[in-house]
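*Asks:* only the shape, not the letters, is given here:
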């Protein structure tokens, strides 16, 4: 089997999520995430960012789709 090498193919644009105020939140706080809630790529990137941020911490967050968009809650 021979694999073809392609040249001059641009790298796809990465999804950039702005800085989130996760470290400033107290239990019961929430914010509306500045992303397009209809974009599965942006929603997945937001959920992954929150998941990575809370690793190794006692803080816990929940990302929920609301009528306004994607909302991030601190739950613990």
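*Replies:* Nice, thanks for sending it over. Values in this document were obtained by computation on a predicted structure and should not be read as measured data. Residues are numbered from 1 along each chain as shown.
*Asks:* so after the helix or strand containing residue 48, what's the next helix or strand?
*Replies:* Secondary structure from DSSP states H and E places residue 48 in helix 40-54. Counting by DSSP H and E, the next helix or strand C-terminal to helix 40-54 is strand 61-65.
*Asks:* who are the packing partners of that following strand?
*Replies:* When contacts are defined as 3 or more C-beta pairs under 8 Å, 6 or more residues apart in numbering; DSSP states H and E, strand 61-65 sits against helix 40-54, strand 70-74. For every residue, glycine as well, the C-beta is placed using N, CA and C.
*Asks:* how big is the angle separating the shortest one from helix 40-54?
*Replies:* Taking axes from the mean of the first three to the mean of the last three C-alpha atoms, to 10 degrees, strand 70-74 and helix 40-54 form an angle of 10 degrees between their directions.
*Asks:* adjacent strands (with direction) for strand 70-74?
*Replies:* Here strand 70-74 is paired, per DSSP bridges, with strand 30-32 (antiparallel), strand 61-65 (antiparallel).
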